[in-house]
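Asks: Fold the following for me, if possible:
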Amino acid sequence: VFQTLFALPTAGNPSGGLNFAHKSSKRVTRFRKDLKTIEENGTWEALQTLVSFPDKDISAALRTVCGSTVAHEKRHHREKNLENRIAAVTYILEHCLLDDSDEEEKDEEEILVGGAIASASKGRFEILRRLIEEDKNSKKLNVINGTDIHGYSPLLSACCGDYYEEGEKSDMESNRRKCIELLLERGADAENRGDGVHKKNWTPLMALAKRSVLESLKVLFKKSSEELDVNRTYSNGKTALFVACEWGASID
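Replies: Residues are numbered from 1 along each chain as shown. Next up is the predicted model:
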């Protein structure tokens, strides 16, 4: 009975029962608010200090710095912004990931996959390359072909991503091609198969066909380790060719 009573939350006892969890949750909430402030202002250099706090969400921090777009960012600030992002990502990889036990490796993989998907979706191939290099440090991780809960892999995200918020269309499509080429050279599955397959069977080929980005589509065919299944169908029965025609592809 004494042990049961002792475990219950009590007034004035911050370490008892639910009170401790409540305080911890409030600290994490504050961390996310501070992370949002950093994102809105593009002050990525402050992230190093934020992730040094005891209560933090490293997965959210990495996804944010990899994939966030600062809407008001000026063209002449982009180079410095990217430099600060890369520095923040490097700090997280070197100081915040768990690497001691086998049980923690799955968490590390999920964190890295989330970052890779976020960076690929915005065409930040320099950051994507940095995350892939981290994957090479452990043979047990699968960042290249890892997927999120929706079945998006880094490659599928690179093909689907909307890159036009930060620069000219030509620049952004160049970044898309670089991400696709990098991922395929490192062994990405161009068909997006396996347990994490996209829930509606959407593939990189279909995504590029919908956007009518011919040069990126050529890279997909050229760099894929095997012949692509051009007749594979989406959940509604449409092929990549149908998608291209439906969304107004050029004659090429």
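Asks: helix/strand/coil for the residue lying closest to residue 200 once chain neighbours are set aside?
Replies: Distances taken as Cβ to Cβ, 6 or more residues apart in numbering put residue 235 closest to residue 200, at 4.1 Å, once the chain neighbours are dropped. Yep, even glycine has a C-beta here, placed from its N, CA and C like the rest. Following DSSP: H, G, I helix; E, B strand; the rest coil, we place residue 235 in the coil state.
Asks: Residue 235 and residue 181, how far apart?
Replies: As for residue 235, its distance to residue 181 is 28 Å (criterion: Cβ to Cβ, to the nearest Å).
Asks: quick one: which of these two has more around it?
Replies: residue 181 (17 against 10; other Cβ atoms under 10 Å).
Asks: okay but that one is in contact with residue 221, surely?
Replies: No: look at residue 181 against residue 221 with Cβ atoms under 8 Å: they stay out of range, at 11.9 Å.
Asks: okay, and the common contacts of those two?
Replies: Overlap of the contact sets of residue 181 and residue 221 (by Cβ atoms under 8 Å, 6 or more residues apart in numbering) is empty.
Asks: mind checking pLDDT for residue 101?
Replies: We have a pLDDT of 44 for residue 101.
Asks: swap that for residue 168, please
Replies: Confidence score, pLDDT, at residue 168: 58.
Asks: burial count for residue 213?
Replies: Neighbours of residue 213 (other Cβ under 10 Å): 21.
Asks: Also the one 3 residues further on?
Replies: Here the number of neighbours of residue 216 (other Cβ under 10 Å) works out to 22.
Asks: separation between it and residue 228?
Replies: 13 Å.
Asks: what does residue 84 give?
Replies: 38 Å.
Asks: Look at these two and report which has more neighbours.
Replies: Neighbours per residue (other Cβ under 10 Å) separate residue 84 from residue 228, with residue 84 holding more: 19 against 15.
Asks: Specify the local secondary structure of the more buried one.
Replies: helix.
Asks: I'd say it and residue 45 touch.
Replies: Yes: with contacts counted by Cβ under 8 Å, residue 84 reaches residue 45, the gap being 5.1 Å.
Asks: how many other residues sit next to the closest residue to residue 179 other than its chain neighbours?
Replies: Of all residues not flanking residue 179 in the chain, residue 158 sits nearest, at 4.1 Å (Cβ to Cβ, 6+ apart). Neighbours of residue 158 under the rule other Cβ under 10 Å: 35.
Asks: Could you do residue 32 as well?
Replies: 14.
Asks: Check residue 36 too.
Replies: 13.
Asks: Can you check the pLDDT for it?
Replies: For residue 36, pLDDT reads 95.
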